[in-house]
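Enquirer: Mind looking at a prediction? Sequence and model below.
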Amino acid sequence: MNDELTQKDIEKMEAEIEHRTLVVRKQALEDVKVARAQGDLSENFEYKAAKQFKNENEKRIRYLERMIRTAVIVSEDSAEDEVGMNNTVDVYFEDDDEVETYKLVTTVRSNSLQNRISRESPLGRAIFGHKVGDRCEVRVNDETSYFVQIRKIENTVDDGTDELRKF
């Protein structure tokens, strides 16, 4: 399954690739060169650390390039009164009798610790496109589901502060 990304996600990923290619790669190669010059590589911690950092940078570049290549571009546009991308939503959990606030984002920006949930998550899928007052069934799997109610929708936008996940 291809990840859903917005055009802004793609632009942010392209900027990170450019930075990693032009700045970080150059520094990583220099660090490896300097550490290699220190002599015996078998017990050279600086060399091993520099090689590991260089490899992690290259891995991140490949990951971002693959994400862009396989992405499905989704629109950030939605009706004023329905849950859409980058909207902040107050959700009432019936079973817990609690209200939680979430921001609906793409997979690469999701972060449960910051209450940013992916549109592709069970909760994100259930509330996407619904309006205030709607009762939605969240299907976790074929045997498990629960109900939530949308209490409030704030039409927030992507202001660029939601960081991309590392992996």
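Expert: That came through, no problem.
Enquirer: Buried ones in whichever strand or helix holds E56, by neighbour count?
Expert: Following DSSP states H and E, one finds E56 within helix 45-70. By 16 or more other C-beta atoms under 10 Å, the buried positions in helix 45-70 come out as Y47, A50, K51, K54, N57, R60, I61, L64, M67, I68. All C-beta spots, glycine's among them, are computed from the backbone N, C-alpha and C.
Enquirer: Now do the same contact list for the fifth one.
Expert: Looking back up the chat, that one is N57. N57 makes contacts with R20, V24, R25, A28, as judged by C-beta atoms under 8 Å, 6 or more residues apart in numbering.
Enquirer: how about a cut-off of 6 Å?
Expert: Contact partners of N57, counting by C-beta atoms under 6 Å, 6 or more residues apart in numbering, are R20, V24, A28.
Enquirer: Distance of it relative to H19?
Expert: 10 Å (C-beta to C-beta, to the nearest Å).
Enquirer: Parallel or antiparallel, list what pairs with the helix or strand of the chain with the lowest mean pLDDT.
Expert: Using mean pLDDT, DSSP states H and E, strand 4-5 stands out as the lowest-scoring helix or strand of the chain, at a mean of 84. When pairs are called by DSSP bridges, strand 4-5 turns out to pair with strand 72-73 (parallel).
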